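>>> Okay, structure incoming, though there's no sequence with it:
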């Protein structure tokens with residue numbers, strides 16, 4: 001079947017040369033391209049994970065800032081409402097005091113006018129009673 005003459009070593013050498021040639025021309029560039037592609041994919045995947053982690057961190061940070069801002073906003077509104085209520089209460093109290101003072105002033109004026117009218121009436125009554133008395137005494 002096989003002849004062990006010079007063709008067998010020549011075929012072996014050709015095979016080895018072909019393997020070496022294919023290795024240099026085809027397999028090494030293909031392996032390099034596959035490794036470069038693999039490195040590129042790994043790098044992109046790592047960068048994507050980093051970006052995703054950064055985005056999640058930023059989203060969490062923004063949510064915390066938003067919650068803080070909402071709390072401050074609500075606190076500011078509550079403070080403004082409390083101040084407005086206090087100012088309204090103060091103005092109402094001032095208006096009530098002014099109304100009370102005005103009522104008391106009017107009451108004093110009315111009392112004074114009443115006293116003046118009573119004193120004037122007393123003088124008129126006294127004057128009229130003297131006149132009546134004089135007329136009665138003159139008639140008797």
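Alright, I've got the coordinates. Worth saying up front: this structure is predicted, and the values here are computed from it rather than measured. Residues are numbered from 1 along each chain as shown.

>>> Scan this protein for its longest helix.
Selection of the longest helix in the chain by residue count, based on DSSP state H, yields helix 28-139.

>>> Quick one: mean pLDDT over it.
The average pLDDT within helix 28-139 is 93.

>>> which strands and helices sit next to that helix?
For helix 28-139, there is no helix or strand it packs on, judged by 3 or more CB pairs under 8 Å, 6 or more residues apart in numbering; DSSP states H and E. For glycine as for every other residue, the C-beta is placed from the backbone atoms N, C-alpha and C.

>>> And it, how far out from the chain middle?
Here helix 28-139 shows a centroid-to-chain-centroid distance of 19 Å under the convention CA atoms, centre = their mean, to the nearest Å.

>>> what does stretch 8-18 give?
The answer for stretch 8-18 is 82 Å, by CA atoms, centre = their mean.

>>> mean confidence for that stretch?
88.

>>> Pull the contacting residues for residue 55.
Counting by CB atoms under 8 Å, 6 or more residues apart in numbering, residue 55 touches no other residue.

>>> separation between it and residue 64?
When distance is defined by CB to CB, to the nearest Å, residue 55 is 15 Å away from residue 64.
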